[in-house]
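S.K.: Here's a sequence, model it:
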Amino acid sequence: MSAVILALAAGAVIGLALGTLGGGGSVLAVPALIYLLGFSPVAATTASLVIVSVTSATALSAHAREGHVRWRTGLLFAAAGIGPAMLGGALAGHLPAALLTVAFALVSGAAAVRMLRPRSDGGDTVPVRRGRAAAAGAGLGAVTGVLGVGGGFLAVPALVGVLGMRMRAAVGTSLLVITVNSLAALAMRASTAGGLDWAVTGPFAAAAILGAWDGKRLSARISGPALQRIFAVVLLAVAGLMLVDAVVR
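M.R.: The predicted structure follows:
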């Protein structure tokens with residue numbers, strides 16, 4: 001019962017962050033599953049893909065109703081990441097647990113640093129660089145497949161800087177990209193997903209979905225940059241602890 005309570009609490013926090021910030025919340029799912037709920041790194045990244053998929057899809061529907069999703073652009077961006085996401089999903093099961101932990105810690109640290117940097121609100125007149133867009137989409141897919149994270153912390157800056165979207169549209173469209181990449185990576189982990197502890201993963205995902213709805217409402221009331229800075233500091237601390245843990249072991 002204590003594991004279910006922890007799963008509900010962690011899921012609510014991660015969903016809240018995802019719904020509020022439009023990305024980044026999922027990077028806490030893996031450390032929560034490993035250190036709070038006792039999952040192995042491989043099982044944690046697989047369970048995270050399940051959680052990220054359903055939570056992102058839920059948050060996507062809310063943004064779509066407000067007209068903040070660029071469907072065609074998002075699907076083209078996601079298409080470049082499907083192959084790398086599937087390859088990464090297949091590769092992750094063959095990587096050492098320590099390597100997955102170190103890689104995740106480094107990516108989390110990079111995400112935290114990026115969140116602490118001020119973002120510019122892109123304009124729709126910026127010309128699209130197709131080569132860079134394809135490279136960014138492929139890189140995002142690979143990260144999603146191997147580490148089990150949605151990659152919103154990478155998708156939003158790429159959509160703003162490479163495709164010239166405004167921030168609100170980038171946040172909504174990133175959820176489309178995250179959902180597609182997560183489902184593609186999960187398709188390559190079907191055997192691993194069958195061995196998950198669904199008594200814990202299910203409540204975690206359900207709480208994250210509810211948290212995402214609350215986060216979407218919260219984003220209209222509280223300063224996004226302030227929440228983002230707080231989340232980045234927490235994420236940076238978690239990344240440091242994971243890195244130390246991997247080195248000590």
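S.K.: Could you use CA atoms for every contact and neighbour count after this?
M.R.: OK.
S.K.: so after the lowest-mean-pLDDT helix or strand in the chain, what's the next helix or strand?
M.R.: None of the helices or strands of the chain scores lower by mean pLDDT, DSSP states H and E than helix 190-194, at a mean of 65. Per DSSP states H and E, the first helix or strand lying C-terminal to helix 190-194 is helix 198-218.
S.K.: Show me what whichever helix or strand comes after that next one is packed up against.
M.R.: Next along the chain after helix 198-218, taking DSSP H and E as the criterion, comes helix 224-248. Judged by 3 or more Cα pairs under 8 Å, 6 or more residues apart in numbering; DSSP states H and E, helix 224-248 is in contact with helix 2-21, helix 97-116.
S.K.: Minimum distance to His68: which of those helices has it?
M.R.: Distance to His68, taken as Cα to Cα, is lowest for helix 2-21 among those, at 13.5 Å.
S.K.: Sort out which residues of that closest one are buried, please.
M.R.: Residues of helix 2-21 classed as buried: 4, 6-21 (neighbour count, 16 or more other Cα atoms under 10 Å).
S.K.: Now do it against helix 198-218: the angle between them, please.
M.R.: Relative orientation of helix 2-21 and helix 198-218, computed by axes from the mean of the first three to the mean of the last three Cα atoms, to 10 degrees: 30 degrees.
S.K.: Check the offset of helix 2-21 from the chain's centre.
M.R.: 13 Å (Cα atoms, centre = their mean, to the nearest Å).
S.K.: Let me see the residues that make contact with the following helix or strand past that helix.
M.R.: Going down the chain from helix 2-21, the next helix or strand is helix 29-31, by DSSP H and E. Outside of helix 29-31, the residues within contact range by Cα atoms under 8 Å, 6 or more residues apart in numbering are 10-11, 14, 41, 44-45, 48, 148-149, 238, 242.
S.K.: Helix 29-31: how far from the chain's middle?
M.R.: With Cα atoms, centre = their mean, you get 10 Å for helix 29-31.
S.K.: what is the mean pLDDT for it?
M.R.: Average pLDDT, helix 29-31: 83.
S.K.: which residues does Leu147 contact?
M.R.: So Leu147 contacts 45, 92, 100, 103-104 (Cα under 8 Å, 6+ apart).
S.K.: so which of the residues you listed would you say is closest to Phe204?
M.R.: Once Cα to Cα is applied, the member of these that ends up nearest Phe204 is Thr45, at 13.6 Å.
S.K.: gap between the closest one and Ile34?
M.R.: Remark: distance between Thr45 and Ile34 (Cα to Cα, to the nearest Å) = 9 Å.
S.K.: With that, I have no additional questions.
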